[in-house]
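Colleague: my questions concern the predicted model and sequence given below.
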Amino acid sequence: MPVASVVSNKQVKLINAVFGAEETSFRTGRARYSFHKSGKGVVFKISAKDEVALKAAHNAVNNALNIIQQMESLN
């Protein structure tokens, strides 16, 4: 089972609020993620049944983190 990690050190409270309300598995059921606070950041663990699902899930998490970062720059 392919696994990847993503670490973010920005807006920990906002990330917890956004991802805490979401489902932790994707619609297809081929990938899922978990996250936890680690030090001053948040660590995401993404696991999938295959590499294509892993890439899609990784991109989805990164896209959401990018939106949070863009929102931060507007303030």
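Modeller: The structure has been received and is ready for your questions.
Colleague: quickly list what residue 37 is bridged to.
Modeller: residue 42 (DSSP bridges).
Colleague: which residue is nearest the middle of this protein?
Modeller: Geometric centre of the chain, nearest residue: residue 61, 3.6 Å, by C-alpha atoms, centre = their mean.
Colleague: buried set for the one helix or strand that one maps to?
Modeller: Using DSSP states H and E, the element containing residue 61 is helix 51-74. Within helix 51-74, the residues that qualify as buried are 53-54, 56-58, 61, 65, 68, counting by 16 or more other C-beta atoms under 10 Å. Any C-beta I mention is one placed from the backbone N, CA and C, and that applies to glycine too.
Colleague: please verify my assumption that residue 48 contacts residue 30.
Modeller: Yes: using C-beta atoms under 8 Å, residue 48 makes contact with residue 30 at a distance of 5.8 Å.
Colleague: okay, the two: which has more neighbours?
Modeller: Comparing residue 48 with residue 30 by neighbour count (other C-beta atoms under 10 Å), the higher total belongs to residue 48, at 22 against 15.
Colleague: against residue 32, how distant is the more buried one?
Modeller: Distance check for residue 48 against residue 32: by C-beta to C-beta, to the nearest Å, it reads 8 Å.
Colleague: identify the contacts common to these two.
Modeller: residue 57 (C-beta atoms under 8 Å, 6 or more residues apart in numbering).
Colleague: where does the chain dip in pLDDT?
Modeller: The model of the chain has pLDDT under 70 over residues 21-23, 75.
Colleague: go again using 90 as the cut-off
Modeller: 1-29, 32-42, 44, 60-61, 64-75 (pLDDT under 90).
Colleague: before I go, just wanted to say thanks for your time.
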